[in-house]
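**Student:** Take a look and give me a structure for this.
(2 chains)
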Amino acid sequence: MTDDESAPAVPTVVLTLPAAFANLFPGSARRVELPAATVGEALDALNARWPGMRDRICDSTPAIRRHMNVFVDGRRATLQTPLAPGADVMVMTAISGG
Amino acid sequence: MAQKVLVLVGTRKGAFVIEGDARRSSWELRGPFCEAWPINHVVADPATGTIYAGGGNEWFGPAVWKSTDRGANWTHSSEGLAYAEGEQPIKSVWSLSPASGTLYAGVEPAGLFRSADGGHSWQHLAGLRNHPSREKWQPGGGGLILHSLVPHPKDDKQLWVAISAAGVFHTADGGETWEPRNRGTRADFMPEGQKYPEFGQCVHSLVMAPGKPDRLYQQNHCGMYRSEDGGRQWDSIEAGLPSTFGFPAAVHPRDPETLYLLPLNGDIAGRYVPEGKTAVWRTRDGGRSWQALRQGLPQKNAFFGVLRQAMATDRLAPAGVYFGTSTGMLFASADEGESWSCIAQYLPTISSVETLVVDT
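**Tutor:** Numbers count the residues shown, from 1 in each chain, chains lettered A, B, ... in the order given. Have a look, this model is predicted:
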């Protein structure tokens, strides 16, 4: 038995980020694969890669910001939403502004 | 060495820098910066030349932006700029003030943060929100905002802040404990017998006279005031002004007797310049008398306001004076307010105006 088989593997998921993040976080990628079992974990992993990115998506409640949306396999999610291996996680800006 | 002025402008849709020539007669606008976020305050640290911009975006939340090259490149951070889990999250940064190597930030809902690393990370100074009056703080029209930060020039433990509509507070121990300092300022919106409370006044802006740390001036929702004892007692200086209502106040860079105001016609009368005629009002004697300065300013059909942080002076001689309007016009005077010209227009609503003097 290998180590990989003894521990439950954290699934790898695929995140797609808003186009606006390219300017807010120079050098960041639009699409990224990360290990995460929930949306909250995915955002923590994102923040480890590009410090500050979690703050742009969540507030200190903690909750996903009012005018941001996270969709998991096409369904609107919360920080607690579980992620299956290969889940498609889309972070999108909602309609807002003036 | 010749010097020039950078006018730092915060607007509802980004920050701008308006750079003057050595004579302050020709101006060039750069921007919008900060990804067109609503920016409530843009300031510069005169010790380093670093520019900071505070604001908040409907999508992405609050942050402080920073440029070390006069606005060419910007980064942002909100690390530590948060209340505890479960509290109402911070919506926006409203005010910034560099002081002796520290950068202070006032936020909405009202609270105070400090950065010791040039705006990269922030620590909450929780003492202010732990003040027993906090449960009774009421938001003004712009929200429950901490909009004025006045550090003591020689004692880094002392700081005054102003909150709408909680009033003026002072700390003498670096932010651990706070004392309301509102005695003598009116709250016309309260019933008879309650018009002079200990706190709850709607202070609109708070400034300190140069070289005289005990002398403070404030434009309030309900009158104009001067204090000679660090805000323990306030006296009205509104006699001679066309209105008791206005938002900004700007001190002269060297003369503690000189102050600039921009009175508006009234809180429920439109909040534009009285009779549609623009005037900056100046005192040269600490508020005992006032003169209207109108040369070069629109004298008919002007229906704009000027927001609380949207007027400033520079430190050249003679002093320059600047203000930005709710309609996106920036007016400048290079002769202490005697004459004016419009140096930018068609900008978004202007939230703040500050200056940085640099060597050419």
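
**Student:** Strands of chain A, start to end?
**Tutor:** Assigned by DSSP state E, the strands in chain A fall at A:12-16, A:31-35, A:58-59, A:63-64, A:68-72, A:75-76, A:88-93.

**Student:** and those strands as CSV, adding mean pLDDT, mean neighbour count and distance to B:Tyr272?
**Tutor:** Heads up, the C-betas are built off the backbone N, CA and C, glycines and all. What follows is the strands of chain A, written out as CSV (pLDDT from 0 to 100; neighbours: other CB atoms under 10 Å in any protein chain shown; distance: least, CB to CB, whole Å):
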stretch, mean pLDDT, mean neighbour count, distance to B:Tyr272
strand A:12-16, 97, 18, 46
strand A:31-35, 97, 14, 50
strand A:58-59, 97, 21, 35
strand A:63-64, 98, 18, 39
strand A:68-72, 98, 19, 36
strand A:75-76, 97, 10, 43
strand A:88-93, 98, 18, 34
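
**Student:** Distance to chain B added to the ones you listed, as JSON lines?
**Tutor:** Shown next, in JSON lines, are those (distance: least, CB to the nearest CB, whole Å):
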{"stretch": "strand A:12-16", "distance to chain B": "16"}
{"stretch": "strand A:31-35", "distance to chain B": "18"}
{"stretch": "strand A:58-59", "distance to chain B": "4"}
{"stretch": "strand A:63-64", "distance to chain B": "8"}
{"stretch": "strand A:68-72", "distance to chain B": "6"}
{"stretch": "strand A:75-76", "distance to chain B": "16"}
{"stretch": "strand A:88-93", "distance to chain B": "5"}
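
**Student:** Any idea which of those strands gets closest to B:Pro256?
**Tutor:** Of all these, it is strand A:58-59 that lies closest to B:Pro256, at 42.5 Å by CB to CB.

**Student:** how deep is B:Gly200 tucked in, by neighbour count?
**Tutor:** B:Gly200: 19 surrounding residues under other CB atoms under 10 Å in any protein chain shown.

**Student:** That one touches B:Val168, doesn't it?
**Tutor:** No. Look at B:Gly200 against B:Val168 with CB atoms under 8 Å: they stay out of range, at 11.1 Å.

**Student:** what do those two both touch?
**Tutor:** B:Asn182 (CB atoms under 8 Å, 6 or more residues apart in numbering or on different chains).

**Student:** Helices along chain A, start to end?
**Tutor:** A:3-6, A:21-24, A:39-49, A:53-57 (DSSP state H).

**Student:** so of these, which one's packed in deepest?
**Tutor:** helix A:53-57 (a mean of 22; mean count of other CB atoms under 10 Å in any protein chain shown).

**Student:** can you list contacts of that one?
**Tutor:** With contact meaning CB under 8 Å, 6+ apart, helix A:53-57 is reached by A:21, A:24-25, A:28, A:43-44, A:46-47, A:64-65, A:68, A:70, A:91, B:59-61, B:63, B:78-79, B:81-82.

**Student:** Closest to the centroid, which residue in chain B?
**Tutor:** Chain B has B:Gln309 as the residue nearest its centroid, 3.2 Å off, counting by CA atoms, centre = their mean.

**Student:** nearest spatial neighbour of that residue, skipping sequence neighbours?
**Tutor:** Nearest non-adjacent residue to B:Gln309, counting by CB to CB, 6 or more residues apart in numbering or on different chains: B:Ser352, 3.8 Å away.

**Student:** now B:Gln201
**Tutor:** That would be B:Gly167: by CB to CB, 6+ apart, it lies 4.3 Å from B:Gln201.

**Student:** Look up phi and psi at the one you found.
**Tutor:** Per-residue torsions, B:Gly167: phi 110, psi -160 (degrees, to the nearest 10).

**Student:** now the one 3 residues further on
**Tutor:** According to degrees, to the nearest 10, the main-chain angles of B:His170 amount to phi -130, psi 140.

**Student:** is it true that B:Ile18 touches B:Trp27?
**Tutor:** Yes. Between B:Ile18 and B:Trp27 a contact is recorded at 5.2 Å, counting by CB under 8 Å.

**Student:** list residues touching both of those two?
**Tutor:** With CB under 8 Å, 6+ apart as the test, B:Ile18 and B:Trp27 both reach B:Val7, B:Ile343, B:Ala344.

**Student:** Out of those residues, who's the most crowded?
**Tutor:** That'd be B:Val7 among those, by other CB under 10 Å, with 26 neighbours.

**Student:** Show me what the helix or strand harbouring that residue is packed up against.
**Tutor:** Secondary structure assignment for B:Val7, by DSSP states H and E: strand B:3-11. Here strand B:3-11 touches strand B:14-20, strand B:27-33, strand B:39-44, strand B:51-57, strand B:321-324, strand B:330-333, strand B:350-359, going by 3 or more CB pairs under 8 Å, 6 or more residues apart in numbering or on different chains; DSSP states H and E.

**Student:** Please give the centre-to-centre distance between the first one and its chain.
**Tutor:** Using CA atoms, centre = their mean, to the nearest Å, the mean C-alpha position of strand B:14-20 is found 17 Å from that of the whole chain.

**Student:** who's the residue nearest to B:Gln309 bridged to?
**Tutor:** Under DSSP bridges, the beta-bridge partners of B:Ser352 are B:Gly10, B:Gln309.

**Student:** dump the residue contacts of the residue nearest to B:Gln201.
**Tutor:** Counting by CB under 8 Å, 6+ apart, B:Gly167 makes contact with B:Pro180, B:Arg181, B:Asn182, B:Thr185, B:Phe199, B:Gly200, B:Gln201, B:Val203.

**Student:** try B:Val353
**Tutor:** Contacts of B:Val353 by CB under 8 Å, 6+ apart are B:Val7, B:Leu8, B:Val9, B:Gly10, B:Gln309, B:Ala310, B:Met311, B:Ala312, B:Tyr322, B:Phe323, B:Gly324, B:Leu330.
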